[in-house]
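S.K.: Show me the folded form of this:
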Amino acid sequence: MRIVGLTGGIASGKSTVSNLFKSHGVPVVDADLVAHDVIRKGTGGWKKVVAAFGNDILLENGEIDRACLGQIVFSDSTKRQLLNRLLAPYISSDIFWEVMKLWLKGSKVIVLDIPLLFEAKMDKWTAPIIVVWVDPETQVQRLMARDGIPEEQARNKINAQTALDWKKTKADIVINNSDGILHWRAYSQV
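M.R.: Here you go, the predicted model:
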């Protein structure tokens, strides 16, 4: 079984690439969806996050207000690191079990769509590593348009992530999505 690592940055087009894999029948384990599941009301992740950030991050129904939590962690790197430390074990465990289920179903290739592939040190389990890259100004403009946010807020969100230029140096395959048309350059064969 081959586990392909797919990563990129916010508004880089990584989801588009992920959807292309899915449309061709390649199973994708999406870390963002896993992360949403691990903070559902009553889960271990939910309990840890509420204990760390307080009840002010909860909606009336008791679920975590992800927009509120996002504002907190994107404006404070210490709180962002805390959130990542709290949730990493839950996310890693759930990703592992998703991969196991797909393997047991006979999948020969599985794509791990993980924004924090390098930061979570999950890159060591994947080959090849695909990075969806976009030039910084295009990334800012896309994020502003997609989320309806001002430029400063878009830049703060982008700057809160590992630079795409650094990720690009760690890639086996780079997909340049600056033009909105996916271009790729293979550094080694898939």
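S.K.: If you count contacts, what does whatever helix or strand residue 146 lives in end up packed against?
M.R.: Assigned by DSSP states H and E, residue 146 belongs to helix 136-147. The contact analysis (3 or more C-beta pairs under 8 Å, 6 or more residues apart in numbering; DSSP states H and E) places helix 136-147 against helix 151-159. Any C-beta I mention is one placed from the backbone N, CA and C, and that applies to glycine too.
S.K.: Can I get the helix it packs on as CSV, trimmed to CA atoms?
M.R.: These are the backbone C-alpha positions of helix 151-159, laid out as CSV (Å, rounded to 0.1, in the frame of the first residue of the first chain):
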residue,chain,number,x,y,z
GLU,A,151,-6.3,41.8,3.8
GLU,A,152,-4.7,42.1,7.3
GLN,A,153,-6.7,39.2,8.6
ALA,A,154,-5.9,37.1,5.5
ARG,A,155,-2.2,37.8,5.9
ASN,A,156,-2.4,36.9,9.6
LYS,A,157,-4.0,33.5,8.8
ILE,A,158,-1.4,32.8,6.1
ASN,A,159,1.5,33.9,8.3
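S.K.: Distance from the chain centre to that helix, please.
M.R.: For helix 151-159, the distance from its own C-alpha centre to the chain's C-alpha centre is 17 Å (C-alpha atoms, centre = their mean, to the nearest Å).
S.K.: mean confidence for that helix?
M.R.: The average pLDDT within helix 151-159 is 92.
S.K.: buried set for the helix ranked longest in the chain?
M.R.: Counting residues, the longest helix found in the chain (DSSP state H) is helix 77-104. Going by neighbour count (16 or more other C-beta atoms under 10 Å), the buried part of helix 77-104 is 80, 82-83, 86-88, 90-92, 94-95, 98-99, 102.
S.K.: same deal with stretch 55-71?
M.R.: Buried residues in stretch 55-71 (16+ other C-beta under 10 Å): 57, 58, 64, 69.
S.K.: Report the distance from stretch 96-114 to the chain centre.
M.R.: 17 Å.
S.K.: what does it contact?
M.R.: Applying C-beta atoms under 8 Å, 6 or more residues apart in numbering, the contact partners of stretch 96-114 are 1-7, 14-15, 18, 21, 26-32, 34, 95, 120, 122, 125-126.
S.K.: for it, how far is the first residue from the last?
M.R.: 13 Å (C-alpha to C-alpha, to the nearest Å).
S.K.: ok, now stretch 6-16?
M.R.: 11 Å.
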